[in-house]
Structures are given as C-alpha cells and as structure tokens.
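J.: Below are the sequence and a predicted model for it; my questions follow.
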Amino acid sequence: MGKEPRSIAGKAAAITGGARGIGAATAEALVREGTRVAIGDLDLERAEATAERLGGGTVALELDVTDRASFERFVDDAEAALGPLDVLVNNAGIMPIGRFTEEDDVTAERMVDINCHGVLYGMKIVVPRFEARGSGHLVNIASTAGKGGFPGGATYCGTKHFVVGVSEAVRAELRETEVEVSCVMPGVVNTELAHGLVEGRGVEKVEPEDVAAEIVSALKQPRFDVFVPRSIGPITKVLNVLPRAGREAVARFLKADQILLEADQGARRGYEQRAARSEPGLEAQDQPVKTGV
C-alpha cells in the first residue's frame with residue numbers, strides 16, 4: 001500500500017505568474033484545499049483581481065522574476081502575510097516561437113531571463129529557508145519541451161531543458177533532507193501561451209485545471225516527474241529507449257514537429273506582444289510588433 005496523502009490544509013504557498021493561466025488555476029486548487037496562497041505577477045492589477053476572486057485570504061503581490069531583489073521582496077512579503085512558506089511554485093514563463101534563425105536577441109534574452117533566471121532566483125531564495133526549517137516543497141513548471149526538441153521553439157525548449165536539469169540536480173543535492181522537489185511537464189495547455197498551436201496526435205490538449213490538479217496531487221504524495229496528461233510519461237519512457245532515428249520518426253508521426261513551427265501567428269499576436277514587451281495590458285487587438293518570429 002502507498003503512503004497516505006499528506007494534508008496541505010493550513011500550509012502556505014507562493015506562486016509566480018499567478019495572475020492567469022496555470023498559476024491562477026493552481027492558486028484556486030490550493031485555496032480549495034485550505035492552503036494559504038500568495039500570487040506574484042508583473043501584472044499586479046490582474047493579480048489583485050484574481051486574488052479577490054479566489055478569496056480565502058489570497059494575497060496578491062507585484063513580482064518581476066528576472067529581478068532577484070523583487071523576488072526576495074515577494075517571498076518576504078508573502079511570509080509576512082502568510083507565515084513561513086511551505087511551497088513555492090515557480091510557474092512564470094513565456095513562449096515566443098518561430099524559426100531559430102529569425103529570432104532576435106532581445107526575445108531570446110527575455111525568454112532566458114524569465115524561464116531560467118526566474119526559476120533560479122526562486123530556488124536560491126526559498127531552498128535555504130526550507131532547509132533551515134527542515135521541510136518544504138519546491139515545484140518547478142517545465143514542459144514536455146524539456147524532454148525533447150521541437151522545431152519552432154528552439155530557445156524555449158532549451159530553457160525548459162534547463163528547468164528539468166536544474167530541478168534534477170537540486171533534488172539530488174537535497175536527497176538527505178526533508179525538502180521535496182517536483183518538476184511539472186505539461187503538454188499543450190489551453191492557455192494564452194498555446195494560442196494558435198497546431199494539434200498533434202495521441203496526446204490531448206489539457207486545461208490549466210488539469211495541471212493544477214496534478215500539482216496538488218504531487219504536493220500530497222510527493223513525486224519528481226509530474227507529466228500532464230499522465231500518458232506523456234509512458235510515451236517519454238518508450239522514446240528514450242529508441243535510437244534517434246526512431247524517436248524522430250515517432251515525433252513526425254505524432255505531428256510533434258509541427259505543433260510550434262506551423263502555429264497561427266495571427267492568433268498568437270497579442271500573447272507574443274505582451275511576452276516580448278512585458279507590458280501586461282497588451283492584448284490581441286493591439287497592432288503587431290516584431291518579436292523575432
């Protein structure tokens with residue numbers, strides 16, 4: 001028999017990029033479990049609206065994950081409001097897409113800053129606190145793209161490989177402690193980030209609530225690999241034992257090589273603008289701006 005699920009009622013959790021999408025869905029799922037939640041986001045106005053909607057004493061705080069001082073203030077303020085953190089969900093991330101040779105340096109640097117440094121800062125700030133208290137759970141949101149290379153998203157895939165790798169290494173360093181590490185690897189999630197993506201075969205698109213449910217599950221019964229949907233896990237295991245030619249043939253059959261490369265850029269315009277400029281108010285009706293894709 002497996003271990004009884006842990007209770008997360010009364011625990012304190014902080015979520016980056018919590019104003020919308022997976023972050024907001026995770027906050028909502030945690031509030032339902034009785035967890036006290038702080039959401040951090042560059043878009044403070046939207047974060048405040050999300051926190052008000054969720055209730056349960058949810059706290060909204062401004063956060064720029066690319067600025068370590070901002071991240072430290074976020075954690076300090078979250079702990080001032082909720083008490084010592086038991087959970088950090090490193091969720092903030094962006095996905096501008098397009099052919100690698102057409103990607104400008106500003107877009108690439110912004111992606112690395114948010115997707116890589118934003119995760120590193122959170123880990124470096126909270127892990128020592130978790131170790132000092134003898135407990136804590138770090139949840140890093142990576143992607144199925146962290147397990148493979150998908151045309152049209154080269155830099156994005158690289159950042160998510162980074163998240164998987166650093167999560168694995170830190171988990172190994174913490175093996176003799178009571179600090180848990182989980183790495184969440186969703187497929188295509190029905191959020192703004194996935195607007196305009198081509199459908200693949202064999203793995204269905206999931207909702208933010210599906211990812212949130214798996215995060216809650218991993219907090220209750222800790223595990224490192226958190227695939228969403230879970231069917232991605234066995235597929236990944238099979239692909240790992242195939243030679244490269246076999247893996248690439250399967251990817252083509254599943255149309256995984258088209259999901260990002262053939263995306264509808266018109267449908268993605270608003271998201272791409274906001275991700276590249278980091279201006280939260282930009283939405284789909286705004287005029288296009290060069291983002292390197």
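T.: Okay, I see it.
J.: Can you show me the strands along the stretch 51-200 of the chain?
T.: Along the stretch 51-200 of the chain, counting by DSSP state E, counting those that start in this stretch, strands occupy 59-62, 87-90, 136-141, 179-186.
J.: So which of these has the densest surroundings on average?
T.: strand 87-90 (a mean of 27; mean count of other C-beta atoms under 10 Å). Where you see a C-beta, it was placed from the backbone N, CA and C, and this is true even at glycine.
J.: Tell me which residues are up against that strand.
T.: Strand 87-90 is touched from outside by 8, 11-16, 18, 23, 26, 30, 35, 75, 118-119, 122-123, 126, 136-141, 163, 215, 219, with contacts defined as C-beta atoms under 8 Å, 6 or more residues apart in numbering.
J.: Compute the first-to-last residue distance for stretch 247-264.
T.: 26 Å (C-alpha to C-alpha, to the nearest Å).
J.: quick one on the thing from earlier: nearest to residue 99 among the strands of the stretch 51-200 of the chain would be which one?
T.: The minimum distance between residue 99 and these falls on strand 179-186, with 23.7 Å, by C-beta to C-beta.
J.: elements contacting the following helix or strand past the closest one?
T.: Going down the chain from strand 179-186, the next helix or strand is helix 208-220, by DSSP states H and E. Judged by 3 or more C-beta pairs under 8 Å, 6 or more residues apart in numbering; DSSP states H and E, the packing partners of helix 208-220 are helix 21-32, strand 136-141, strand 179-186, strand 225-228.
J.: Next, the buried residues of helix 208-220.
T.: 208-219 (16 or more other C-beta atoms under 10 Å).
J.: Compute the inter-axis angle for it and helix 21-32.
T.: Counting by axes from the mean of the first three to the mean of the last three C-alpha atoms, to 10 degrees, helix 208-220 lies at 50 degrees to helix 21-32.
J.: what's helix 208-220 in contact with?
T.: So helix 208-220 is contacted by 5-8, 21-22, 24-26, 28-30, 33, 87, 89, 137, 139, 141, 182, 184, 186, 189-191, 226-230 (C-beta under 8 Å, 6+ apart).
J.: Need the residues that contact the longest helix along the chain.
T.: Ranked by number of residues, the top helix in the chain under DSSP state H is helix 154-173. Here helix 154-173 makes contact (C-beta under 8 Å, 6+ apart) with 90, 93, 95-97, 100, 103, 107-108, 111-112, 115-116, 119-120, 123, 127, 138, 140-143, 145-150, 181-183, 185, 224, 260.
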